[in-house]
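Engineer: predicted model follows, preceded by the sequence.
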Amino acid sequence: MRRFEIDQDSLPDLAGMMLATVEALHVLGGSATIQELDEEVISLEGVTEAEQRHMMANNTMPRVNYFLSWARTYLKRGGALENSARGVWALTDTGAKITELAATQAIYDQVKQEERDRAKAKRKAAKVQGKVHQDESAQDTLDTPDGGDDWKSKLLDVMKAMQPDAFERLAQRLLREAGFVKVEVRGKSGDGGIDGVGVLRVNLVSFQVYFQCKRYKGSVGSKEIRDFRGALEGRADKGLFITTGHFTSQASEEATRDGAKAIDLIDGERLCDLLKANKLGVQTEMVEQVTVNPKWFSGV
């Protein structure tokens, strides 16, 4: 029996998604990265590729991943999950004891009530100050879960607006910055879906890597991975698929299928991280914070 359903319009059962998240973490040994956790939930629940292609209104994230991020957020606020700075999520002692939907429903109801109480306090304070305050938490829709990166959404919008050949040149520059040599763009040759090739040197050995880079607004499925692998046959040691979109769990499984040529995947979120790490169109500003210690002066 599935814990939740995903379609293009209605809100899924968040309490059900929370329970599915806890169950997936149990299967994964109590901790997991976001990608591992999402893929395990999708596998356990039998979420189809068609369902994974349903996108949020702004086309920045599949609906299933978006609402799973909210499920993690509610579980964290309810003390059932914790996450590290490295993005690893783990069950707490409280979370490890959850086995029924009633438990996750209780956490969900508790967190929603806390949100309503905070919104009520803000409205009261705003009324006292003669200001108009809009109760955002009372809406039936959700905005951005904890840990959301607005800069990534902006960056993805910029890349999706690029011309195909410009995006290929961006991928070429990124691969060069990452240590590839002899990187060539071949996207205009109609070469079976292959956009370019480069050589990655690791110590004393080198690997020829063919890459495909596509600006997707939605999810890349297993068929696209199989098609790309077919274009690689007899040509390259490895394949690399770069996209501004997301890969379905079935696409990830296909990329590492036993007995087939392995294909490395870079989705939109990881692409943003790589551009930031290599300072390609993304600058990180460190803000200086100055603190005055009055006690120090009293001792002069």
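Structural biologist: Looks like it arrived, so ask away.
Engineer: most centrally placed residue in the chain?
Structural biologist: Residue closest to the average C-alpha location in the chain (C-alpha atoms, centre = their mean): E269, at 5.6 Å.
Engineer: buried residues in the helix or strand hosting L170?
Structural biologist: Assessed by DSSP states H and E, L170 sits inside helix 164-177. Applying a neighbour-count criterion of 16 or more other C-beta atoms under 10 Å, one finds 167-172, 174-175 buried in helix 164-177. Backbone N, C-alpha and C define where each C-beta goes, glycine included.
Engineer: pick the one among those closest to E36.
Structural biologist: Comparing these against E36 with C-beta to C-beta places L174 closest, at 24.5 Å.
Engineer: pretty sure the closest one contacts N278?
Structural biologist: Yes - taking C-beta atoms under 8 Å as the definition, L174 is a contact partner of N278 at 6.5 Å.
Engineer: ok, the residue nearest to the centre of the chain - contacts?
Structural biologist: The contact partners of E269, by C-beta atoms under 8 Å, 6 or more residues apart in numbering, come to 152, 246.
Engineer: tell me which helix or strand A231 sits in.
Structural biologist: In this assignment (DSSP H and E), A231 forms part of helix 222-232.
Engineer: got any ranges where the stretch 201-300 of the chain has weak pLDDT?
Structural biologist: Judged against pLDDT under 70, the stretch 201-300 of the chain has no low-scoring part.
Engineer: re earlier: could you give the mean pLDDT of the helix holding L170?
Structural biologist: Here helix 164-177 scores 93 as its mean pLDDT.
Engineer: could I get the CA-only coordinates of it as CSV?
Structural biologist: Taking C-alpha atoms only, helix 164-177 is exported to CSV below (Å, rounded to 0.1, in the frame of the first residue of the first chain):
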residue,chain,number,x,y,z
PRO,A,164,22.4,25.3,-26.7
ASP,A,165,25.8,26.0,-28.1
ALA,A,166,26.5,28.4,-25.3
PHE,A,167,25.6,25.8,-22.7
GLU,A,168,27.9,23.3,-24.5
ARG,A,169,30.7,25.8,-24.2
LEU,A,170,29.9,26.3,-20.5
ALA,A,171,30.2,22.5,-20.0
GLN,A,172,33.5,22.6,-21.9
ARG,A,173,34.9,25.3,-19.6
LEU,A,174,33.7,23.5,-16.5
LEU,A,175,35.4,20.2,-17.6
ARG,A,176,38.6,22.0,-18.3
GLU,A,177,38.5,23.6,-14.8
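Engineer: give me the contact list for that helix.
Structural biologist: Applying C-beta under 8 Å, 6+ apart, the set of residues contacting helix 164-177 is 159, 162, 183-185, 187-188, 195-196, 198, 211, 213, 215, 242, 271, 274-275, 278, 280.
Engineer: if we go to 10 Å?
Structural biologist: 159-163, 180-188, 195-200, 209, 211-215, 240, 242-244, 266, 271, 274-275, 277-281 (C-beta atoms under 10 Å, 6 or more residues apart in numbering).
Engineer: the stretch 151-300 of the chain: strands as residue ranges?
Structural biologist: Secondary structure of the stretch 151-300 of the chain (DSSP state E, counting those that start in this stretch): strands at 180-185, 196-202, 205-214, 219-220, 238-243, 246-247, 263-266.
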